[in-house]
Every structure is written in C-alpha cells, then in structure tokens.
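**Q** next comes the sequence, and after it the predicted model I'd like to discuss.
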Amino acid sequence: MTILETARLRLEPCSPEHLEGLHAMNRLPEVMRYIGNGEPETLEGTQLMIERVRQRWRHFGYSWWSFIDRASGRVAGAGAVQHLRREAEPPDDLDRLRDQPLELGWRLHPDFWRQGLASEAAQRMARFAFEPLGAPRLLAVRHPDNLASGRVMDRLGMCYLGLDTWYGAPLATHGIERDAWLAR
C-alpha cells in the first residue's frame, strides 16, 4: 500500500490504527453535512469504512488515505483516489467499478480547515492518479452547496462539468484531463 507525503501531511492508507482519529472527524455534523446522507457516522460505520477501504487497497492498489498532520501526529483528514459509481451502495463485485472514472475526494477535521491542507493533499493524490496510475482523466464530485470543495477543485485546475448522478444523487462534477494536468 502506497504512502504519500506532502510538506505538512503524511498520507497513510486507512487502517485500524486510524480509527479513533477518523471517527473523531466523521462523527461531526459539520464534516458529514455534504457527504452521503449528511448524517454523522457511528463508530461502527467508521470501522466498516476502514474494512471496505482495506479491501479496495488489496483489490485495486489504491483507495482512501488518512491524512496525518506531521506536526501533531493527529488525523487531520482523509482522501481518496477511487472509482466513482452511479449507485448509492457499492457493488459486491468490485471489478464492476473498473469501467468507472477515477475520482479524487477528501474531507478534513474542522481543526484543520482553512489552512490549505485539502488543496495540498488533493494535489499529491492527483499526481499519484496521473503519474504512476496513468489515469487519462480525473473527476471530483461534490454536493452542489459545498462551495469550499468547489474552490479546491478550481485550484486543481478542474473544470466544472455540470450536475451528474453519482452515488445515487445529483452531484456537481468537476474534471481534468491528464494532458491538462501535466501541462500545468
């Protein structure tokens, strides 16, 4: 499993040792407001997420990372390079996702908001998707009201593509082609 580094973060594949820090973030209404059903996540939900993520790391060689703040050692957030899906629930057969485009996603604990960490981590994950993975295109999706994530997508050079159905809901979709990324 791949570990990525930025100036202020260490991106480690989500694991049980991150459970406490991930749950401290995912249980907050302000973090989950625009994610999934908009409800805070239970401890059991975070445990299941870690199990799903570990399965995807084994299956695809990429998935969700925990963002570890290098200064404090705290879980500052989480982010992913993963396959998008149209349906709300993941399929039993993960190979069905291989035909879907790669998505870049992230979330941060509020203690780490407004410090540029989402952009820093997203830049590094995008580089991973385009360079070693060789993705031809990378998408990012957000709830239409999540303007902060939209600004991160803009900073990445992503173009707004309109509303599209992902994860069973209409989401604002942004994208960037590999050639445009490499030309930056």
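**A** Cool, got the structure.
**Q** rest of the way, CA atoms for contacts and neighbours
**A** Fine.
**Q** tell me where this structure has strands.
**A** Taking DSSP state E as the criterion, the chain contains strands spanning 4-5, 9-13, 64-69, 75-83, 102-108, 137-142, 159-166, 169-177.
**Q** let me have these in CSV, extended by distance to residue 36.
**A** Listed next are the strands of the chain as CSV, based on distance: least, C-alpha to C-alpha, whole Å:
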stretch, distance to residue 36
strand 4-5, 26
strand 9-13, 21
strand 64-69, 16
strand 75-83, 15
strand 102-108, 12
strand 137-142, 10
strand 159-166, 11
strand 169-177, 9
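**Q** relative to residue 94, which of those is closest?
**A** Nearest to residue 94, of all the strands of the chain, is strand 75-83, at 9.6 Å by C-alpha to C-alpha.
**Q** elements contacting that closest one?
**A** Contacts defined by 3 or more C-alpha pairs under 8 Å, 6 or more residues apart in numbering; DSSP states H and E place strand 75-83 against helix 19-26, strand 64-69, strand 102-108, helix 117-130.
**Q** can you do 10 Å?
**A** strand 9-13, helix 19-26, helix 43-60, strand 64-69, strand 102-108, helix 117-130, strand 137-142 (3 or more C-alpha pairs under 10 Å, 6 or more residues apart in numbering; DSSP states H and E).
**Q** which one of those is the most hemmed in?
**A** Looking across the helices and strands packed on strand 75-83 with neighbours counted as mean count of other C-alpha atoms under 10 Å, the highest average goes to strand 64-69: a mean of 26.
**Q** only C-alpha atoms, please: export that strand in CSV.
**A** C-alpha atoms of strand 64-69 as CSV (Å, rounded to 0.1, in the frame of the first residue of the first chain):
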residue,chain,number,x,y,z
TRP,A,64,-8.6,6.1,0.9
TRP,A,65,-5.7,7.6,2.9
SER,A,66,-5.7,9.0,6.4
PHE,A,67,-4.1,12.5,6.4
ILE,A,68,-1.7,12.5,9.3
ASP,A,69,-0.6,16.0,10.4
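**Q** tilt between it and helix 43-60?
**A** With axes from the mean of the first three to the mean of the last three C-alpha atoms, to 10 degrees applied, the angle from strand 64-69 to helix 43-60 works out at 110 degrees.
**Q** what lies in contact with stretch 68-75?
**A** 5-12, 18-25, 66-67, 76-78, 108-109, 112, 117 (C-alpha atoms under 10 Å, 6 or more residues apart in numbering).
**Q** try it again with 8 Å
**A** Contacts with stretch 68-75, where a contact means C-alpha atoms under 8 Å, 6 or more residues apart in numbering, come from 8-12, 18, 21-22, 66-67, 76-77, 109.
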